[in-house]
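Enquirer: generate a structure from the sequence data that follows.
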Amino acid sequence: MRILISNDDGAFNPALWAMVEAVKDLGDVMVVAPDRDRSGVGAGLTLNDPVRVKSIISPVPGVQAWAVEGTPGDSVILGLKQLSEEPVDLLLSGINTGNNIGTDLIVSGTVGAALQGFLNGTASAAISVGIAGDAESPMVGAAIHDLAESMLEHVTAGGPTPFVNVNFPRISDGPYRGAMLTGLGKRIVADTVETQTRGYRTMYWIQRRASALDDRSRMDPGTDIWAMRHNWVSVTPLGAELTGVSVDGFAARLVEVLDRSVKDHAGRHADEAAG
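Expert: Purely as a prediction, here's the structure:
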């Protein structure tokens, strides 16, 4: 099986390589990711200029890696259509440091990369954690491993192509309660623009600060926002239109896999602490 890993934080981001370590035993892993932080570009593509690609040294033996002077979407398409010598069975995007929940998905480069994989017929998952340090957690790594294994089994069985957005709450907020199927919550965007004038030129910086949570999304146990606030791993099945959630089929089975994984690991951790 062949697994392509990308992200929007750059090919040298440690959280990306934590994902590689988590799934490297499941098949032939390759990395194709932007050469720098490209957060906030969504599913954008470079269509009017050439895109440069450079082979980079992988910190994980046996894993080929490339850095792309372009967007996360560019990276995925180049990985799928040009750099991989064989068909890719699974695309994993992340691990993003900071949750991608609610309407943030529209601008998320992590989700945008996964969307481009899905549009090209590849099973895809966007994966995020609450803070950077959580990407190194053995519990998160074990859960990602089980998620990827389940998706590969689904692909092998000939099931419909899945596209999911998975978020892990901050570990510091308390032990995970399990995993749950969620829909998209809503955020209240508060964009601002900063300006600076130098001579006859005015420069502009668009600032998207942490957005406020919609009250209904905070209270509704069916949203990804509620899940993060109550220490549940969130699994949101998506489509090309970022449409609603069905509790049937593969997404529900994937929730069961993650629920069992995080609970089993939490139980082992508690036993070790007590022993």
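Enquirer: quick check: buried residues in the helix or strand containing Ile144?
Expert: Per DSSP states H and E: Ile144 is located in helix 138-156. Within helix 138-156, the residues scored as buried using 16 or more other C-beta atoms under 10 Å are 139-152, 154-155. Where C-beta positions appear, they are placed from N, C-alpha and C, glycine not excepted.
Enquirer: over to stretch 105-113?
Expert: Under 16+ other C-beta under 10 Å, the buried positions of stretch 105-113 are Leu105, Val107, Ser108, Gly109, Thr110, Val111, Gly112, Ala113.
Enquirer: specify the beta-bridge partners of the nearest residue in space to Asp35 that is not next to it in sequence.
Expert: On the basis of C-beta to C-beta, 6 or more residues apart in numbering, the spatially nearest residue to Asp35 that is not a chain neighbour turns out to be Ala67, at 3.8 Å. Beta-bridge partners recorded for Ala67 (DSSP bridges): Ala33, Lys54.
Enquirer: my read is that Ala67 contacts Arg38, right?
Expert: No - assessed by C-beta atoms under 8 Å, Ala67 is found out of contact with Arg38, at 11.3 Å.
Enquirer: more crowded one of these two?
Expert: A side-by-side neighbour count of Ala67 and Arg38, using other C-beta atoms under 10 Å, places Arg38 first with 25 against 20.
Enquirer: coming back round to it: what residues are shared contacts of Ala67 and Arg38?
Expert: Overlap of the contact sets of Ala67 and Arg38 (by C-beta atoms under 8 Å, 6 or more residues apart in numbering) consists of Gly10.
Enquirer: just after the helix holding Ile144, pick out the following helix or strand.
Expert: Per DSSP H and E, the first helix or strand lying C-terminal to helix 138-156 is strand 163-168.
Enquirer: which strands and helices lie in contact with that following strand?
Expert: helix 109-119, strand 123-129, helix 138-156, helix 224-229, strand 232-237, helix 250-274 (3 or more C-beta pairs under 8 Å, 6 or more residues apart in numbering; DSSP states H and E).
Enquirer: which elements pack onto the fourth one?
Expert: Other helices and strands packing on helix 224-229, by 3+ C-beta pairs under 8 Å, 6+ apart, are strand 163-168, helix 215-219, strand 232-237.
Enquirer: try it again at 6 Å.
Expert: For helix 224-229, the helices and strands in contact under the criterion 3 or more C-beta pairs under 6 Å, 6 or more residues apart in numbering; DSSP states H and E are strand 232-237.
Enquirer: neighbouring strands - and their directions - for the strand it packs on?
Expert: Sheet pairing of strand 232-237 (DSSP bridges) gives strand 163-168 (antiparallel), strand 178-181 (parallel).
Enquirer: avg pLDDT for the longest one?
Expert: Going back to what we said before, that points to strand 163-168. On average, the pLDDT along strand 163-168 is 96.
Enquirer: list the contacts of it.
Expert: By C-beta atoms under 6 Å, 6 or more residues apart in numbering, the residues outside strand 163-168 that reach it are 99, 101, 111, 118, 124-129, 140, 233-238.
Enquirer: quick revisit: quick check: of the buried residues of helix 138-156, which lies closest to Leu16?
Expert: Ile144 (11.9 Å; C-beta to C-beta).
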